[in-house]
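# the sequence and its predicted three-dimensional model are supplied below.
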Amino acid sequence: MSPIAVTPPSEDATASDLTINGIENNLSKAAPSLLHSVGTNDALSNTLTTLASNGTKFTNGTATPLAELDASLLITTLTTSPRPVPAPGSPEQASQKVCTDHMITVRWTAQHGWEAPSLHPYGPLSLMPTASCLHYATECFEGMKLYRGHDDKLRLFRPELNCNRMLMSTNRIALPSFPPTELLKLIVKLCATDGPKWLPKSRPGEFLYIRPTMIASDPALGVQRPKEALLFIILTCFPRMDPTSGGLRLLASRDDMVRAWPGGFGYAKVGANYGPSLVAQGEARQMGYEQILWLFGEECNVTEAGASNFFVVWRTLEGKLQLVTAPLRERIILDGVTRRSVLELARARLGKRCGALEGIEIVERKFSMFEIEEAVKEGRLIEAFAAGTAFFIAPVGHIHFRGKDLDIPIKEGESGAYTKVIKNWLKGIMWGKEQHEWGYVVEEED
Ligand SMILES: *Cc1c(COP(=O)(O)O)cnc(C)c1O
């Protein structure tokens, strides 16, 4: 980005114009491809709070660009003590503590920008106790999966959307920018290195969980924009997911607990959104519910279920069949890759009758717990499901709201018909049964 300010701006100036115009202006200069790839048809994309450029250093009034994140500079050091892969269904695999042999780290400093990325054996990080992220939640992350397809191939699912979202999250918490395509190259490299061993071809249908993370590692206690950051990528073993028999049980959040609010940061995948939700989550578990259904405002509008987006299928009072989810406009919910994909597939394939399924209208609008309650009472609520990478498409069977358990009419251990067809389409793309542009094949290194 070329500086246009007359006086040398502070470091903060590069990313500080968070108005929609400022963002689009910055984006179109710094990363025209980003604007293009995220599309312009939804509110969150339009306000992607970022410029992909990493900034500029000012000395004596002249500008020198800081080093960009550059995946081609990767330095590889392979492990000399490879570890065993947990057996399917083993406690190690279920623990979500076992990571693959390698990880990628990249250091950034305000002085020089991005250093050469390093792929090296998995292991602990070294941080000073004064590190910014330990005190001020200067941390954000992504959650993706690497799938071992039934056609033997390794695939990511729409990974460019995660990389764009990570950039947006870093910008929300004053962490450095980067070209999302370079992050994607690093993710692919780690997957290509560890995928062949950790997702053997003999076990199609398994996956690894990918966690790209950025933290401010700045060892200075002052509350300020960090001058050092660390980007790292790890791959974690996860067990296969079994659908909960009878569907998820959700506990609607209490009036005195809010996950996100307009003007806040609920739309960003920043750690600060999750720690404070764990009290409610713990209470829910204790009461026999799996997730919190986060409501917002006096109208009790439904936003998200745990760390997943939330959908219902209902028939309106006028008799229209609709698939409904909360809108992105107020920026209190996360722009889920799964959410987006559900909406896009449903718009493309379910608008008109599809086999035995009646055509359905796809609606992004505010809707409240009271509307759900009424629809349940009148037999108009047909299905509900949560959608996100971690738990994929999870049918919802019960919602507890203000002392009452609402039963969503799904069959025991199964899901509703629309939930099922959408889930199967997505599965087909992720595991390679359907060749689709959303499936990103990772070429393996062995
Ligand atoms: C990650 C996340 C989701 C789901 O997003 P996906 O991209 O579909 O995985 C939804 N809500 C919240 C709060 C999340 O953190």
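Okay, I see it.
# ok, now which ones touch residue 108?
54, 69, 114-115, 176, 228-231 (C-beta atoms under 8 Å, 6 or more residues apart in numbering). Yep, even glycine has a C-beta here, placed from its N, CA and C like the rest.
# which residues touch the nearest residue to residue 85 once chain neighbours are set aside?
The shortest distance from residue 85 to any residue other than its chain neighbours is 5.5 Å, reached at residue 198 (C-beta to C-beta, 6 or more residues apart in numbering). Contacts for residue 198 (C-beta under 8 Å, 6+ apart) come out as 85, 100-101, 208, 235, 237.
# swap in 6 Å and give it another go.
By C-beta atoms under 6 Å, 6 or more residues apart in numbering, residue 198 lies in contact with 85, 100, 208.
# on that earlier part again, need the contacts of residue 108 in a markdown table (columns: distance to residue 257, secondary structure and neighbour count).
Shown next, in a markdown table, are those (distance: C-beta to C-beta, whole Å; DSSP: H, G, I helix; E, B strand; the rest coil; neighbours: other C-beta atoms under 10 Å):
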| residue | distance to residue 257 | secondary structure | neighbour count |
| --- | --- | --- | --- |
| 54 | 37 | coil | 20 |
| 69 | 37 | coil | 25 |
| 114 | 39 | strand | 23 |
| 115 | 41 | coil | 16 |
| 176 | 33 | coil | 27 |
| 228 | 34 | strand | 19 |
| 229 | 31 | strand | 25 |
| 230 | 32 | strand | 20 |
| 231 | 32 | strand | 23 |
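# pull the number of nearby residues for the residue of the stretch 1-150 of the chain found nearest the ligand.
Per C-beta to the nearest ligand atom, residue 143 is where the stretch 1-150 of the chain lies closest to the ligand, at 5.3 Å. Residues lying near residue 143 (other C-beta atoms under 10 Å) number 17.
# do you know the pLDDT at the closest residue in space to it that isn't next to it in sequence?
Spatial nearest neighbour of residue 143, chain neighbours left out: residue 389 (5.1 Å); criterion: C-beta to C-beta, 6+ apart. Listed pLDDT for residue 389 reads 96.
# from the ligand, how far off is residue 389?
3 Å (C-beta to the nearest ligand atom, to the nearest Å).
# could you report the neighbour count for residue 103?
20.
# host element of it?
strand 102-109 (DSSP states H and E).
# now do the buried residues in the helix or strand harbouring residue 371.
Using DSSP H and E, residue 371 maps to helix 369-377. Of all the residues in helix 369-377, those buried under the rule 16 or more other C-beta atoms under 10 Å are 369, 371-373, 375-376.
# pull the distance from it to the chain's centre.
29 Å (C-alpha atoms, centre = their mean, to the nearest Å).
# and that helix, average pLDDT?
97.
# so residue 213 is in contact with residue 232, correct?
Yes. Using C-beta atoms under 6 Å, residue 213 makes contact with residue 232 at a distance of 5.4 Å.
# so where's the chain shaky on pLDDT?
1-61, 243, 411-413 (pLDDT under 70).
# up against the ligand, what does it have?
Within the chain, the residues that sit near the ligand (C-beta under 6 Å from any ligand atom) are 143, 269, 304, 307-309, 334, 336-339, 388-389.
# leaving out sequence neighbours, find the closest residue to residue 287.
Closest to residue 287 by C-beta to C-beta, 6+ apart is residue 251, at 6.4 Å.
# element containing the one you found?
strand 248-252.
# what sits up against that strand?
Contacts of strand 248-252 (C-beta under 6 Å, 6+ apart): 284, 289-293, 295, 305, 369, 394, 396, 398-401.
# contacts only, for residue 314.
375, 380-382.
# strands - which of the residues you listed land there?
381-382 (DSSP state E).
# from the contacts of residue 314, pick the one nearest residue 76.
Of all the contacts of residue 314, residue 76 sits closest to residue 382, with 51.8 Å by C-beta to C-beta.
# my read is that the closest one contacts residue 313, right?
Yes. Between residue 382 and residue 313 there is a contact at 4.4 Å, judged by C-beta under 6 Å.
# distance between the strand or helix carrying residue 310 and the chain's centre?
Using DSSP H and E, the element containing residue 310 is strand 308-315. Distance of strand 308-315 from its chain centroid, counting by C-alpha atoms, centre = their mean, is 19 Å.
# and the closest residue in space to residue 272 that isn't next to it in sequence, how many neighbours?
Spatially, and ignoring its direct neighbours in sequence, residue 272 is nearest to residue 137 (4.0 Å; C-beta to C-beta, 6+ apart). By other C-beta under 10 Å, 19 other residues sit near residue 137.
# now residue 278
10.
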